[in-house]
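Colleague: Sharing a model that was predicted from the sequence below.
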Amino acid sequence: MENTRLLEMRGIEKYFPGVKALQKVDFSLNSGEIHALMGENGAGKSTLIKVLTGVYGKDAGVIRLDGKEVQIHSPQDAQRLGISTVYQEITLCPNLTVAENMYIGRGNGAITNWKKMNESADRILKRMDIPARATQQLASCSIAVQQMVAIARAVDMECKVLILDEPTSSLDEQEVEKLFGLMRDLKELGVGIIFVTHFLDQVYEVCDKITVLRDGQLVGEYEIKDLPRVKLVAKMLGKEMDDLSDIKGETESYSGEDADEEVFEASKLVSNAGIKPFDFHIRKGEVNGFTGLLGSGRSECVRAIFGADRVLGGKVKMHGKPVKIKGPKQAMKNGIAYLPEDRKIDGIVGDLSVRENIILALQVMKGFFKPFTKAQAYAFADEYIKKLNIKTASADTPVKSLSGGNQQKVILARWLLMHPEYLILDEPTRGIDVGTKIDIQKLVLELASEGMSITFISSETDEMLRTCSRLVVMRDRKVVGELSGDDLTQSMIMSTIAGGE
């Protein structure tokens with residue numbers, strides 16, 4: 001079908017106290033187009049979407065839909081105009097059925113008959129090839145299916161513009177493919193889709209155009225064929241980059257006399273999370289990692305090491321001496337720190353300030369009845385806000401108002417303040433922009449060069465190859481190999497995962 005101009009945003013401006021979040025930003029979307037909105041954390045993507053969906057009011061600029069200027073003062077206004085959003089965190093009700101989630105909050109009373117509602121929902125699910133039943137409780141569906149139900153709800157509300165905000169961050173490859181199939185079907189029906197993601201490969205697989213924002217300003221709008229990956233990264237970062245691959249070469253390895261010392265050793269370690277007993281060790285100043293497909297047991301291994309899951313068996317040594325680690329507090333006392341995979345659930349405490357989040361672990365070790373003085377707390381926070389370049393208005397800002405990448409840096413600061421001997425990072429760069437990813441990878445190598453031992457886990461294999469000198473390969477919740485030296489390549493990792501022992 002012929003693409004027509006569906007949405008135009010011209011000269012959009014948005015200010016917060018002391019911050020120009022958007023400065024004269026333009027964005028346009030055609031019908032039947034999948035358009036990626038790209039930029040680092042803090043570039044203005046979320047703010048632009050919140051202006052479009054009525055969460056924020058704009059301070060200047062014009063929004064046109066189908067050529068007519070529209071005023072959007074609330075999410076309800078946006079919905080009435082046919083603008084729907086599906087967020088990274090599913091905003092449905094898991095205790096209700098699929099059909100109830102699809103029709104909840106419809107103000108027109110169109111569906112009051114349960115039988116009709118279920119039949120209508122089943123028709124939509126079938127038409128969109130979503131593997132769920134109308135009467136099924138949403139909680140029994142996988143995250144991917146819940147994501148698709150959220151999209152089905154949006155589409156059924158006669159949406160013209162569909163905004164997908166990081167929809168793939170919790171999905172595996174097959175689920176991503178299914179979602180892309182659904183997006184292509186909607187594109188054929190003339191829906192305009194705004195796709196926000198940090199996965200570059202996915203942008204090039206499914207999108208027609210890319211708009212890049214940086215520091216609240218428009219960098220440009222590009223046809224996908226005219227913007228190779230390296231140029232996209234350069235535009236997002238504001239500097240030319242040949243390749244991201246050689247950050248390892250920029251950092252010296254740890255060369256102390258104790259460089260061969262085993263800081264941590266585990267023998268036949270097993271927890272209640274269903275992993276097979278595994279052996280593991282890490283030397284002083286080494287960066288190693290667990291790799292494998294989603295669900296292979298990577299996270300379960302490091303959770304067992306930290307005592308975050310209940311340890312059922314195995315022996316652990318620190319510096320060659322047996323220790324007992326039955327829980328996180330014992331791990332912390334032994335100099336082990338752990339940045340968990342899910343920063344929202346296991347990491348940040350959203351309502352506390354940046355400062356309170358940074359000093360949290362150290363305060364736990366000290367005891368809550370022995371609080372730090374105000375001066376100490378401010379000194380700790382200021383040191384790490386500066387050291388990690390955390391973008392925040394002040395140390396008193398609630399951490400939930402920071403971008404994802406800056407929240408991740410706050411959790412990292414919390415553990416670095418403990419000066420651990422052994423730091424475990426589980427998906428430290430998930431859902432954050434390319435620039436912050438590189439900052440974290442460089443920091444990991446710098447800390448290792450100073451003698452810290454680090455286990456690094458990432459779903460992105462190239463990121464593991466850039467940072468780790470040794471990889472433990474997992475499949476089906478057991479260790480199936482270990483790679484180092486010349487064997488540390490993408491193809492060897494894949495063949496070890498596929499080939500077994």
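Modeller: Received it, and whenever you're ready, just let me know what you need.
Colleague: can you name the farthest residue from the center of this structure?
Modeller: For the chain, the residue at maximal distance from the C-alpha centroid (C-alpha atoms, centre = their mean) is Asn113, at 39.7 Å.
Colleague: that's a strand at Arg123, yeah?
Modeller: No. Counting by DSSP: H, G, I helix; E, B strand; the rest coil, Arg123 falls outside a strand, being helix.
Colleague: Quickly note the distance from it to Ile411.
Modeller: 44 Å (C-beta to C-beta, to the nearest Å). No exception for glycine: its C-beta is placed from N, CA and C like everyone else's.
Colleague: ok, now Thr429?
Modeller: For Thr429 relative to Ile411 (C-beta to C-beta), the value is 12 Å.
Colleague: Same question for Lys50.
Modeller: For Lys50, the distance to Ile411 - C-beta to C-beta - is 24 Å.
Colleague: Next, count neighbours for Asp77.
Modeller: 14 (other C-beta atoms under 10 Å).
Colleague: So it, which state does it fall into?
Modeller: Applying three-state DSSP: Asp77 is helix.
Colleague: Need the pLDDT of it.
Modeller: At Asp77, the pLDDT value in this model is 93.
Colleague: now swap in Tyr15 and tell me
Modeller: For Tyr15, pLDDT reads 91.
Colleague: Without its sequence neighbours, what residue ends up closest to it?
Modeller: Closest residue to Tyr15 apart from its sequence neighbours, by C-beta to C-beta, 6 or more residues apart in numbering: Asp59 at 5.3 Å.
Colleague: got the domain boundaries for the chain?
Modeller: 5-237, 246-499 (automatic domain parsing).
Colleague: mind listing the strands for the stretch 1-150 of the chain?
Modeller: In the stretch 1-150 of the chain, the strands defined using DSSP state E, counting those that start in this stretch lie at 5-16, 19-30, 34-38, 60-65, 68-69, 83-86.
Colleague: I'd like the distance between the residue farthest from the centre of the chain and Tyr103.
Modeller: The value you get for Asn113 to Tyr103, if C-beta to C-beta is used, is 11 Å.
Colleague: in its sheet, what does the helix or strand where Tyr338 lies sit against?
Modeller: Tyr338 is part of strand 336-339 when elements are defined by DSSP states H and E. Using DSSP bridges, the strands paired with strand 336-339 are strand 422-426 (parallel).
Colleague: how far off strand 422-426 does the helix or strand following the partner strand point, in degrees?
Modeller: Per DSSP H and E, the first helix or strand lying C-terminal to strand 422-426 is helix 434-449. If you take axes from the mean of the first three to the mean of the last three C-alpha atoms, to 10 degrees, helix 434-449 sits at 160 degrees to strand 422-426.
Colleague: Which positions in helix 434-449 come out as buried?
Modeller: For helix 434-449, burial by neighbour count (16 or more other C-beta atoms under 10 Å) applies to 434-445, 447-448.
Colleague: Could you export it as CSV, CA atoms only?
Modeller: Output in CSV follows, covering the C-alpha atoms of helix 434-449 (Å, rounded to 0.1, in the frame of the first residue of the first chain):
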residue,chain,number,x,y,z
VAL,A,434,26.3,1.9,23.3
GLY,A,435,28.2,4.8,25.0
THR,A,436,27.5,3.6,28.6
LYS,A,437,28.2,0.0,27.5
ILE,A,438,31.7,1.0,26.4
ASP,A,439,32.2,3.0,29.7
ILE,A,440,31.3,-0.1,31.7
GLN,A,441,33.4,-2.4,29.7
LYS,A,442,36.4,-0.1,30.0
LEU,A,443,35.8,0.3,33.8
VAL,A,444,35.8,-3.6,34.1
LEU,A,445,39.2,-3.8,32.5
GLU,A,446,40.6,-0.9,34.5
LEU,A,447,39.4,-2.5,37.8
ALA,A,448,40.9,-5.9,36.7
SER,A,449,44.2,-4.2,35.9
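Colleague: Asp59 is in contact with Gly11, isn't it?
Modeller: No. Taking C-beta atoms under 8 Å as the definition, Asp59 is not a contact partner of Gly11, at 10.4 Å.
Colleague: hmm, back to that, higher neighbour count, Arg123 and Ile411?
Modeller: Ile411 (22 against 12).
Colleague: Can you check the pLDDT for the closest residue to Ile12 other than its chain neighbours?
Modeller: Nearest residue to Ile12 in three dimensions, chain neighbours excluded: Gly61, at 3.7 Å (C-beta to C-beta, 6+ apart). In this model, Gly61 is scored at 96, pLDDT.
Colleague: got it, and Gly500?
Modeller: At Gly500, pLDDT is 43.
Colleague: likewise Ala110?
Modeller: For Ala110, pLDDT reads 47.
Colleague: Count residues in the vicinity of Asp351, would you?
Modeller: Neighbours of Asp351 using other C-beta under 10 Å come to 9.
Colleague: distance between the ends of stretch 33-53?
Modeller: 19 Å (C-alpha to C-alpha, to the nearest Å).
Colleague: actually stretch 340-352, not the one I wrote
Modeller: Span of stretch 340-352 from end to end, C-alpha to C-alpha: 18 Å.
Colleague: Which parts of the stretch 101-250 of the chain are helices?
Modeller: Along the stretch 101-250 of the chain, counting by DSSP state H, counting those that start in this stretch, helices occupy 114-127, 143-156, 173-188, 200-206, 229-237.
Colleague: go on, the stretch 251-400 of the chain?
Modeller: Using DSSP H, counting those that start in this stretch, helices in the stretch 251-400 of the chain cover 298-306, 328-333, 354-366, 374-387.
Colleague: Those helices: which one's closest to Leu22?
Modeller: Shortest separation from Leu22 across those is recorded for helix 354-366, at 23.0 Å, computed as C-beta to C-beta.
Colleague: Tell me what angle that closest one forms with helix 374-387.
Modeller: Using the same axes, to 10 degrees: helix 354-366 against helix 374-387 is 120 degrees.
Colleague: Give me the helices and strands touching helix 354-366, please.
Modeller: With contacts defined as 3 or more C-beta pairs under 8 Å, 6 or more residues apart in numbering; DSSP states H and E, helix 354-366 has these neighbours: helix 328-333, helix 374-387, helix 404-416.
Colleague: Looking at those, which one is packed in the most?
Modeller: helix 404-416 (a mean of 24; mean count of other C-beta atoms under 10 Å).
Colleague: For it, C-alpha coordinates in PDB please.
Modeller: Written as PDB, here are the backbone C-alpha positions of helix 404-416 (Å, rounded to 0.1, in the frame of the first residue of the first chain):
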ATOM      1  CA  GLY A 404      18.400   3.000  32.800                       C
ATOM      2  CA  GLY A 405      22.100   3.300  32.100                       C
ATOM      3  CA  ASN A 406      22.600   5.800  35.000                       C
ATOM      4  CA  GLN A 407      20.600   3.500  37.300                       C
ATOM      5  CA  GLN A 408      23.000   0.700  36.400                       C
ATOM      6  CA  LYS A 409      25.900   2.900  37.200                       C
ATOM      7  CA  VAL A 410      24.400   3.700  40.600                       C
ATOM      8  CA  ILE A 411      24.200   0.000  41.500                       C
ATOM      9  CA  LEU A 412      27.800  -0.500  40.200                       C
ATOM     10  CA  ALA A 413      28.900   2.400  42.500                       C
ATOM     11  CA  ARG A 414      27.100   0.700  45.400                       C
ATOM     12  CA  TRP A 415      29.400  -2.300  45.000                       C
ATOM     13  CA  LEU A 416      32.600  -0.500  44.200                       C
END
